[in-house]
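*Asks:* test case, fold it:
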Amino acid sequence: MPSLPSKALETFPNPQPERDYTIRIRVPEFTCLCPKTGQPDFAELTLEYVPDRLCAELKALKTYVWSYRDEGAFHEAVTNLILSDLVTAIAPRFMRLTADFNVRGGIYTTVVAEHRDPGWQPPEPVRLP
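*Replies:* All right, here's what the predicted structure looks like:
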């Protein structure tokens, strides 16, 4: 049976919860509708996060992103909504969602939204000589 769009986000246990590491997920085919004109908006989403106990399951993420295809949303609102839903689902130590929207009316829009768990401190970056 083919997949269908869904707002359900699934997770799986972090295989290395004792370690801070970054997961980067690129979603090059995000679409939603302009709430003013009903015309499609296209964006590339880049999700970066440091997991705590859970990780996002990719097929569920794909069908979640697909669920926005027929919904009207301002760029700022949909970026923050997606971030909030992901934070609720997986409770990461840190998460950043960058939504890089294609041109509309001669204007490109990039929206960056972040979440940081209040108890988490990022490790010091390693600086090599």
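*Asks:* tell me where the model's unsure across the chain.
*Replies:* Within the chain, the stretches with pLDDT under 70 are 1.
*Asks:* try 80
*Replies:* In the prediction, the chain carries residues with pLDDT under 80 at positions 1-2.
*Asks:* now do the helices in it.
*Replies:* 58-66, 75-90 (DSSP state H).
*Asks:* nearest to Arg96, of the ones you listed?
*Replies:* Among the helices of the chain, the nearest to Arg96 by CB to CB is helix 75-90 (8.2 Å). In short, each C-beta sits where N, CA and C put it, glycine included.
*Asks:* before we move on, the earlier item: could you dump the helices of the chain to JSON lines with mean neighbour count and distance to Ile25?
*Replies:* Output for these, formatted as JSON lines (neighbours: other CB atoms under 10 Å; distance: least, CB to CB, whole Å):
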{"stretch": "helix 58-66", "mean neighbour count": "17", "distance to Ile25": "7"}
{"stretch": "helix 75-90", "mean neighbour count": "17", "distance to Ile25": "10"}
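*Asks:* looking at those, spot the one closest to Thr98.
*Replies:* Of the helices of the chain, nearest to Thr98 by CB to CB is helix 75-90, at 8.2 Å.
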